[in-house]
Structures are given as structure tokens and as C-alpha cells.
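A.B. asks: pasting the sequence and the predicted coordinates here, then a few questions.
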Amino acid sequence: MRLRPGAADRMVLDATGIFAALRAGSPEDAAARWRAKVEYAVRYMVAELPLEGFDADLWRTLTGGYGRA
């Protein structure tokens, strides 16, 4: 898998933040950091997709219509 520069650093930073929040006993902060991590990952992966290979109908089915397609 080819990653953009800085992507691996971002993954480590996200994971470190989640674990730090859990160790600090802050489930709300951990959950917020997890959501931000997942949102970033989805945006990153979608940006890597070739537009002509993106199935907008499948995206709407999988997400219940959320997001852009």
C-alpha cells in the first residue's frame, strides 16, 4: 500500500491520542478521537479512489445516504 507523506505519522498520532484518553479515564475523549480517526481514514481512502471506479449507488446503500457520492 502506498501512503501519502505524513499519513503514517498521522495514524500513529491518532492511535496514541486514543490510548492516552483511555488511560486518562476519558471515554468521551477517546470516542471523539476515534470518530475523528475514522473520518480522516475514510476521507483519505476515498481520495485515493479513481473517480470512474466509484460506485455512487453502492455508497448510498452502504451509508444510508450519508455523505457525498
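C.D. replies: That came through, no problem.
A.B. asks: for the helix ranked longest in the chain, buried residues please.
C.D. replies: Looking across the chain with DSSP state H, the single longest helix is helix 27-48. For helix 27-48, the neighbour count (16 or more other Cβ atoms under 10 Å) marks A30, R33, W34, K37 as buried. C-beta coordinates here come from the backbone N, C-alpha and C atoms, glycine included.
A.B. asks: output the contacting helices and strands for it.
C.D. replies: The helices and strands touching helix 27-48, judged by 3 or more Cβ pairs under 8 Å, 6 or more residues apart in numbering; DSSP states H and E, are helix 7-23.
A.B. asks: now do the longest helix of the chain, average pLDDT.
C.D. replies: For helix 27-48, mean pLDDT is 88.
A.B. asks: what angle separates it from helix 7-23?
C.D. replies: 160 degrees (axes from the mean of the first three to the mean of the last three Cα atoms, to 10 degrees).
A.B. asks: quick one: work out the angle between the following helix or strand past helix 27-48 and helix 27-48.
C.D. replies: Heading C-terminal from helix 27-48, the first helix or strand you meet, by DSSP states H and E, is helix 56-63. Calculated by the same axes, to 10 degrees, helix 56-63 forms an angle of 170 degrees with helix 27-48.
A.B. asks: report the mean per-residue pLDDT for stretch 58-68.
C.D. replies: Here the average pLDDT along stretch 58-68 is 72.
A.B. asks: check stretch 4-11 too.
C.D. replies: Rounded mean pLDDT across stretch 4-11 is 88.
A.B. asks: what's in contact with that stretch?
C.D. replies: By Cβ atoms under 8 Å, 6 or more residues apart in numbering, the surrounding residues in contact with stretch 4-11 are Y40, Y44.
A.B. asks: could you dump that stretch to PDB, C-alpha only?
C.D. replies: Coordinates of each C-alpha in stretch 4-11 appear next as PDB, following Å, rounded to 0.1, in the frame of the first residue of the first chain:
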ATOM      1  CA  ARG A   4       1.000   9.900   1.100                       C
ATOM      2  CA  PRO A   5       3.800  11.600   3.100                       C
ATOM      3  CA  GLY A   6       2.800  12.100   6.700                       C
ATOM      4  CA  ALA A   7       0.000   9.600   6.600                       C
ATOM      5  CA  ALA A   8       1.800   7.000   8.800                       C
ATOM      6  CA  ASP A   9       2.700   9.700  11.300                       C
ATOM      7  CA  ARG A  10      -1.000  10.800  11.400                       C
ATOM      8  CA  MET A  11      -2.100   7.200  12.100                       C
END
